[in-house]
Structure formats: structure tokens, C-alpha cells
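> okay, sequence plus prediction incoming.
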Amino acid sequence: MVIIEKQGILLSPSALEFEKNGVLNPGIYQENEQVHIFYRAVEDGNFSTIGYAKANRSNKIIERHKKPIITCDFDYEKHGVEDARIVKIEDTFYLTYTAYDGVNAMGALATSKDMIHFEKKGIITPPLNYKEYKFHLEHCNQGKLNPKYYHYYNLFAEIGMVEEKRRLLRDKDIVLFPRKINNKFVMLHRIWPGIQIVQFEKWEDLTKEFWEDHIKNLTDHILMDPFYDFEVNYIGAGCAPIETKEGWLMIYHGVCETNIGKTYHAAAALLDINEPKKVIGRLPYPLFSPSKEWELKGVVNHVVFPTGTALFDDDLHIYYGAADKHISVAKISFKQLLDELKKTMKP
């Protein structure tokens, strides 16, 4: 097993109106010894914006803004901008997030040259309602498809809402790789219950027709589905993958339903360095699970939700939302984690 050192709470809600109900699920960008934190801030009514703070390698907050750095500016995000992840590719910062309009939760993009001024690019996930989604999904290889991919269609059909054109496919946990691979952007996304991978040359390629073809061939694009007991309900991408000699290290979350409700765990896998759609290693147990009071009790109980990392020598810091109320940090040996993952690789 991998040894985890939980470092405690890094950020908590403050008295400021925009973040009084929760701070969680931070996008992380490491710049030498400093860590830029783009966190979800929740106010009354469950409205979310993105706040900003900066920490050092000792997990001391050295800067924290008193206003959101990213706010709800458009109808597609009028109820919240949530759960940011951020990477720098070439000379541009790409911040992906969940845009929530009160009904739909979809992936969106903002870009920046300085991590201060962001330009929003709009929705980047499939603009399909559930009837359209089912139509295209039926074209893919049903023998390889987890039947859970029909879950939300069946749910909305049962309650007579599947015909609603404004109720669009939920697609969250949008995570970019930190560099292009074979001259293409590589992006993880989550159509419930698994993690899918998509590659494209430019953002303009992500048209409705592109996504229709993607779903018609969805089994070719599923990176991972739930497999182990601790993640049996569903999984989702977490932190931006880390490039190593052994492959891309991917920290993700897995969810299982128990007699106490849903429990969110942190998990780890290793992807092929040149063909990232190929999983070459995967821990058969959680990397870490809710155990501390601030992870067990909060806005949503029993949650650790990893969304960013920073690497200081051999110390890998994993930043995560704790019970949808706080931001915490777990520390792990980078080498030990890779060694454990290599043990799961097939000869």
C-alpha cells in the first residue's frame, strides 16, 4: 500500500459572501515553489464562482483574493462556474470548468496569458439532449458498452423529461493533458459512469457533428470504466496527468454506494506515454479515502475529490475537496506511487 500523509485543511470558507458556504475542488498550477489555487467558492443558494489563492511548498497561504477571479457571466453558467482545472500548453493557460445553469452541467473553457485575465470560450462538451444521445449511443458496440451509459436517459424517460430539448447531456470533470501529444490536444471528460478521452487539433473541431461521431463510437474512446469495488458506481477524472518516464500518472476519483451513502475515494492509474488512451497500470485499491472529520462531515459527507497536484522533489502534494466544504492536501512519495503502479502492469 502507498503511504499517505494528510496535511490537514489548506483553505476553509470565510465570512466573505462569495465563499461563505464552501471552498473546494481547486485547479492547481505549480510555478516553481509556489502553487496557484483556482478554487470553487460557494455562496448562499449554491451559486459558485472561482476564487484565487497562492500557497508555498509548506502549505502556507501567502495570498488570497477577496473577490472571485472568475464569475458567472453567461446564461450557460448562470448558476455556477465550478471545479476548475488548469494547465499551461505552450504560452497559454487553459482553464476548464463545469458550467451550471441550474439544469445542465457541461464542460466549458477559459484561456489566459497571465492567470489574471481570462477569456471565456464557451461550452466544449456535447451539445446534445438525451434523446439525441441515446440515438447515437445505440450505434456503438453494445457488446463492449457498460449498460450504465443509458442510466440518465432511462431515468429521465421514467419521469417524462427525456423529450426536453433544453435538458442536455451531463459531461463534467474536464481535464486537459499539460502538453499536446502527436500535435493534438488530449482531453479527459466524464459521461457517466466512466472516463473518456478525446484528441483534436484545434478547439473549433469540437462541433456537434464531432461529438455525434464520438458517441457513435464511444466504446473506442472510453479510457476507463468502474472496475474495483471502491469505484463500482462511477469514476471521474481528477488532476491534470503528470508526465513521467513510466507513463502519464493520472489521479482520479471513484465512488461507491454503501449503507452510509456515497463515498468518494482518490485513485491512481498509469497511461501509456505515447498512446494515452491505453491504461498500463491501475491501483486495485483507493489511493486514499475519507477518514478525517473534515472529510467525513461537511456539505456532502464522505468525500475526498482530488483536482490538482504539485511536485516538490519526491513529495507529491495532492490537493482535494473535502466533504464539499474545505480544501485539503495529501502528501505521498512520488517514487513509491509509481513503483506501486508498476507492480500492476502486465508483463
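Arrived safely, thanks for sending.
> alpha carbons of stretch 247-261, as PDB, please.
Provided in PDB are the C-alpha atoms of stretch 247-261 (Å, rounded to 0.1, in the frame of the first residue of the first chain):
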ATOM      1  CA  GLY A 247       3.900   7.000 -18.400                       C
ATOM      2  CA  TRP A 248       1.200   9.500 -17.600                       C
ATOM      3  CA  LEU A 249       0.300   9.400 -13.900                       C
ATOM      4  CA  MET A 250      -3.500  10.000 -13.600                       C
ATOM      5  CA  ILE A 251      -5.100  10.800 -10.200                       C
ATOM      6  CA  TYR A 252      -8.900  10.300 -10.400                       C
ATOM      7  CA  HIS A 253     -11.900   9.800  -8.100                       C
ATOM      8  CA  GLY A 254     -14.000   6.700  -7.700                       C
ATOM      9  CA  VAL A 255     -17.400   6.400  -6.000                       C
ATOM     10  CA  CYS A 256     -19.200   3.500  -4.200                       C
ATOM     11  CA  GLU A 257     -22.600   3.400  -2.600                       C
ATOM     12  CA  THR A 258     -22.700   1.900   0.900                       C
ATOM     13  CA  ASN A 259     -25.100   1.800   3.800                       C
ATOM     14  CA  ILE A 260     -23.900   5.300   4.800                       C
ATOM     15  CA  GLY A 261     -24.400   6.700   1.300                       C
END
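> who's in contact with the nearest residue to residue 4 once chain neighbours are set aside?
Leaving out its chain neighbours, the residue that sits closest to residue 4 by C-beta to C-beta, 6 or more residues apart in numbering is residue 288, at 4.6 Å. All C-beta atoms are positioned from the backbone trio N, CA, C, and that covers glycine. Residue 288 makes contacts with 4, 6, 265-266, 304, 330, as judged by C-beta atoms under 8 Å, 6 or more residues apart in numbering.
> now those residues: which count as buried?
Buried members of the contacts of residue 288, scored by 16 or more other C-beta atoms under 10 Å, are 4, 6, 265-266, 304, 330.
> farthest-apart pair in the contacts of residue 288, please.
Spatial extent of the contacts of residue 288 (C-beta to C-beta) is set by the pair 6 and 265 at 13.7 Å.
> return the set of buried residues in stretch 267-284.
With burial defined by 16+ other C-beta under 10 Å, the residues of stretch 267-284 counted as buried are 267-271, 276-277, 279-283.
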